[in-house]
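In: Turn this into a structure:
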Amino acid sequence: MNLTLLLYGAPVWIRALEKEKYKNKITRVQRLINIKMAKPYRTVSSEALCVVTGMTPIHIKIEAAAKLHQHTRDHIKDKKQFDNNKEARLWQHPAEAIIRTSEGNEEESPLQIYTVGIKMEKGVGSGIAIYRSGQNIKTLQCKLNKKCTNNQAEQFAILKALEYIDNTQMVGKKATIYTDSQTTLGMLQNSKIHTNITEDIQTAMVRDEESGMADRTPLGEGARGYKRQ
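Out: Now for the predicted structure:
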């Protein structure tokens with residue numbers, strides 16, 4: 001059976017299957033194919049034929065195709081919530097990479113920002129805790145799509161921390177962003193990874209580097225981050 005033909009335009013006419021007469025027309029097409037495959041009595045039900053031949057009922061296939069289309073369209077509308085690749089023309093040039101690592105837990109910056117990403121059964125989210133001179137001054141929380149990974153949540157937290165610094169009025173704009181994810185730092189240092197989140201982080205850091213107001217050093221061993229000045 002040519003599923004491509006049967007599924008053509010499914011997201012447009014999917015609601016027509018709510019009417020039994022249209023659903024039966026589609027089912028009859030699959031039934032004819034299943035009968036030729038299994039060679040049973042013609043009185044065997046369509047459901048039983050699907051079990052014998054191992055074919056998924058066609059109306060379920062159509063519903064899946066429509067949902068996949070909707071899911072993909074939502075990805076396009078909200079790129080920051082998904083790990084799609086950014087267009088090649090928007091990639092940072094490898095020579096502009098400024099991510100580097102070092103060991104230690106430096107606290108020279110007056111503003112300390114701790115980021116975390118978490119994925120649980122209840123959902124996926126990012127958390128940001130902002131400290132000034134040892135005092136917690138602000139906490140931010142972001143909820144991501146449940147299909148996002150823990151690494152995406154970690155990266156999203158760093159991106160939001162950078163945005164917070166850029167949008168906050170403060171003298172000198174000197175701050176340190178910490179993350180406990182070695183995987184996230186590795187992805188940010190990998191010039192072959194060009195997802196929207198990692199590219200947005202790189203863009204923010206390069207923009208501040210060019211303006212002369214940022215000096216970032218990722219820190220290691222449980223307190224890895226970016227020192228911005």
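
In: could you pull out the helices for this structure?
Out: Here the chain has its helices, by DSSP state H, at 3-7, 10-13, 20-38, 46-53, 58-77, 150-167, 182-189, 196-210.

In: Give me the contacts around the fourth one.
Out: So that's helix 46-53. Here helix 46-53 makes contact (Cβ atoms under 8 Å, 6 or more residues apart in numbering) with 27, 30-31, 34-35, 37-38, 40, 44, 55-57. All C-beta spots, glycine's among them, are computed from the backbone N, C-alpha and C.

In: and the angle from it to helix 58-77?
Out: Relative orientation of helix 46-53 and helix 58-77, computed by axes from the mean of the first three to the mean of the last three Cα atoms, to 10 degrees: 80 degrees.

In: would you turn the helices of the chain into JSON lines with distance to Lys122 and mean neighbour count?
Out: Output for those, formatted as JSON lines (distance: least, Cβ to Cβ, whole Å; neighbours: other Cβ atoms under 10 Å):
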{"stretch": "helix 3-7", "distance to Lys122": "34", "mean neighbour count": "12"}
{"stretch": "helix 10-13", "distance to Lys122": "30", "mean neighbour count": "14"}
{"stretch": "helix 20-38", "distance to Lys122": "36", "mean neighbour count": "15"}
{"stretch": "helix 46-53", "distance to Lys122": "35", "mean neighbour count": "15"}
{"stretch": "helix 58-77", "distance to Lys122": "20", "mean neighbour count": "14"}
{"stretch": "helix 150-167", "distance to Lys122": "13", "mean neighbour count": "22"}
{"stretch": "helix 182-189", "distance to Lys122": "22", "mean neighbour count": "18"}
{"stretch": "helix 196-210", "distance to Lys122": "22", "mean neighbour count": "19"}
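
In: And the pLDDT at the residue located most distally from the centre of the chain?
Out: In the chain, Tyr41 marks the outermost C-alpha relative to the chain mean, sitting 49.3 Å out by Cα atoms, centre = their mean. Tyr41 carries a pLDDT value of 89.

In: what's the spacing between it and Thr56?
Out: Using Cβ to Cβ, to the nearest Å, Tyr41 is found at 22 Å from Thr56.

In: Next, format the helices of the chain as CSV and append mean pLDDT.
Out: What follows is these, written out as CSV (pLDDT from 0 to 100):
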stretch, mean pLDDT
helix 3-7, 75
helix 10-13, 85
helix 20-38, 89
helix 46-53, 90
helix 58-77, 76
helix 150-167, 86
helix 182-189, 81
helix 196-210, 73
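
In: would TSV of those with distance to Gln112 be doable?
Out: Listed next are the helices of the chain as TSV, based on distance: least, Cβ to Cβ, whole Å:
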stretch	distance to Gln112
helix 3-7	53
helix 10-13	48
helix 20-38	60
helix 46-53	60
helix 58-77	34
helix 150-167	11
helix 182-189	17
helix 196-210	18
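
In: Many thanks, we can stop here.
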